[in-house]
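**Q** pasting the sequence and the predicted coordinates here, then a few questions.
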Amino acid sequence: KVSGYIEVPISPAVTTPNSVRPDYAAPTSRYLLKALEVSNQEYVEFLNAALASNTLVISGDWVVAVGGAQNTKKLLQLASNEGIANVSGLFVVKSGKESVPVTRVTFHGAKAFCDYLTQTNPGSRYDVPDQWQWENAMLRGTGNLDLAKVNFSNSGRGISKSGSLGADVSYALGFWPGFFDAAGNVQEWTASTPAASMTAFRVLRGAAFNLESPFVSFTKADQYAGTEEARPNLGFRPAVVAMAPQIQGLRDKVVLPASGSARKLTFVATSLLASPTWAWSTVSAPAWASVADLGSGRVQITLTPPATAQEATVSLSVADGSGLTSTVSIPLSVQSGGGFRIEELPASVSAPLGQGATVFHVRAVPAGSSAATVTWSLSGAGALASIESVGPLAAKITVQPGATALTNVTVTASGGGQTGAATFAID
């Protein structure tokens, strides 16, 4: 999840008259798109950061990039800019324009902003969406377009604060919160060229506050502008086109009895890519840990504890072909003697009134004990929680709603002459 962005599905395919075009290319990988158009305030933060790093200059009426992928390109026109000014060497937002979409921004200015987001948000890659990503997102809305929530020329509003009229692309249950101002307010840059030979131009999508009703369309694809052109009705919204793989699996410390049986841990990675190319690698591991890539984003660690007590860590990294990687580290503890360690127990559990029961599982790990089964018990919970054995060393805890104060609960596992206990809170 990325705050302020919506993950856009790619299946089933949307219905669009553009599907017969020779350049039509439905998205094949999942992506996220910003719910709101980029505001003046957001763009000023980027400009001042770039100014501090000497990666832009002011040349006449223009903000121009220095270095990087957009070197020497015009980013933003300051002359007649309704929202942004340069005052005493710093960029500022004009009063009352903080939440208004940035305009008079070029395509290169939109790209530079996305590059800035990528640099400041490791693990995600941002870019200007292509026109088919933009269209795919907007056509997944439900119901008819509510023109009362569209800021086009009939409204006579001028540019509105982004989102002030409500979402004009509303998703069905399960998607939050829809896309704002996609049908109006300002047109938006896309990364698509109108033709293979027109590399100095990019396609625009959506309508604007000063455009007539024929432009209020999610499939109109014949508008374009030069990449260094700045207009008073043209802005953009970024997309997240790649993310570091997400890793699912146990992260808590793993406790093992010295000379005990081998234990296997499995982790699963997921990707935004439709066809990821998975590659797990071992960053560090003790000699008694082996790693096996199971394919399809799955990896298995086999731990064969040594005869002596020690602390160690297994660290793995995974790549999916996007150029981004993720790392998982699992602390390990080999113990001699002692009782049970209870794993996967949360520090606290929230059980609000009016919601169903909360269920989670715990596991007892013997240290220096040969116990094959354990007996479980709870204390301090009263009727708020119950515990049930679901395997030789595992249990299910069910927490009911209704706690009127913070309640501390102790979980106890016993067997083979050994005992272990841990505490969690019901909030």
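**A** It's in.
**Q** what's the burial count for residue 142?
**A** As a burial measure, residue 142 scores 11 neighbours (other C-beta atoms under 10 Å). (C-beta placed from N, C-alpha, C; glycine too.)
**Q** state the distance from it to residue 76.
**A** With distances taken as C-beta to C-beta, to the nearest Å, residue 142 is found 36 Å from residue 76.
**Q** now residue 287
**A** Residue 287 is 57 Å from residue 76, by C-beta to C-beta.
**Q** ok, the two, which is more surrounded?
**A** A direct count of neighbours by other C-beta under 10 Å for residue 287 and residue 76 places residue 76 higher, at 28 against 8.
**Q** pretty sure the more buried one is touching residue 59, no?
**A** No. Under the criterion of C-beta atoms under 8 Å, residue 76 makes no contact with residue 59, lying 11.3 Å away.
**Q** and the helix or strand of the chain with the lowest mean pLDDT, which strands flank it?
**A** Here the helix or strand of the chain ranked lowest by mean pLDDT, DSSP states H and E is strand 254-257, holding a mean of 78. The strands beside strand 254-257 in its sheet (DSSP bridges) come out as strand 325-335 (parallel).
**Q** now do the buried residues in the strand it pairs with.
**A** 326, 328, 330, 332-335 (16 or more other C-beta atoms under 10 Å).
**Q** report all helices and strands that the next helix or strand after it contacts.
**A** Next helix or strand after strand 325-335 toward the C-terminus (DSSP states H and E): strand 340-343. On a contact count with 3 or more C-beta pairs under 8 Å, 6 or more residues apart in numbering; DSSP states H and E, strand 340-343 meets strand 254-257, strand 358-366, strand 407-415, strand 418-426.
**Q** next SSE after the shortest one?
**A** Just to be clear, that refers to strand 254-257. Next helix or strand after strand 254-257 toward the C-terminus (DSSP H and E): strand 263-270.
**Q** which other helices and strands contact that following strand?
**A** strand 246-248, strand 254-257, strand 298-303, strand 325-335.
**Q** and the first one, average pLDDT?
**A** Confidence over strand 246-248, taken as the mean pLDDT, stands at 89.
**Q** what comes up buried for it?
**A** Buried residues in strand 246-248, defined by neighbour count with 16+ other C-beta under 10 Å: 246-247.
**Q** where does the protein dip in pLDDT?
**A** 172-177, 250-252, 336-338, 354, 367-371 (pLDDT under 70).
**Q** other SSEs contacting the strand or helix carrying residue 133?
**A** Using DSSP H and E, residue 133 sits within helix 131-138. For helix 131-138, the packing partners by 3+ C-beta pairs under 8 Å, 6+ apart come out as strand 5-8, strand 31-34, strand 201-205.
**Q** indicate which one of those strands is closest to residue 406.
**A** strand 5-8 (34.8 Å; C-beta to C-beta).
**Q** distance between the closest one and the chain's centre?
**A** Mean-position distance between strand 5-8 and its chain equals 8 Å (C-alpha atoms, centre = their mean, to the nearest Å).
**Q** one more: stretch 359-375?
**A** 36 Å.
**Q** tell me which stretches of the chain form helices.
**A** 40-52, 107-120, 131-138 (DSSP state H).
**Q** so for residue 413, which of those helices sits nearest?
**A** helix 107-120 (45.6 Å).
**Q** need the contact partners of that closest one.
**A** 38, 42-43, 46, 49-50, 63, 65, 68-70, 73-76, 105, 124-128, 189, 202, 225, 227-229, 236, 238 (C-beta atoms under 8 Å, 6 or more residues apart in numbering).
**Q** again, 7 Å this time
**A** Helix 107-120 is touched from outside by 38, 43, 46, 49-50, 65, 68-70, 73-76, 124-128, 189, 202, 227-228, 236, 238, with contacts defined as C-beta atoms under 7 Å, 6 or more residues apart in numbering.
**Q** check stretch 187-206 too.
**A** Contacts of stretch 187-206 (C-beta under 7 Å, 6+ apart): 37, 107, 110, 127-131, 134-135, 182-183, 207-208, 221, 223-227, 233-237.
**Q** one more: stretch 166-186?
**A** 6, 33, 35-37, 101, 103, 137-138, 140-143, 145-146, 149-152, 159-160, 162-163, 206-209, 216, 233-235.
**Q** give the buried residues for it.
**A** Neighbour-count burial for stretch 166-186 [16+ other C-beta under 10 Å]: 167-171, 175, 178-186.
**Q** specify which member of those is nearest to residue 90.
**A** residue 186 (24.7 Å).
**Q** show the contacting residues for the residue lying closest to the closest one once chain neighbours are set aside.
**A** Among residues not flanking residue 186 along the chain, residue 235 sits closest, at 4.1 Å (C-beta to C-beta, 6 or more residues apart in numbering). Counting by C-beta under 7 Å, 6+ apart, residue 235 touches 37-38, 101-103, 105, 186, 188.
**Q** if anything else comes up later, I'll come back, but that's it for now.
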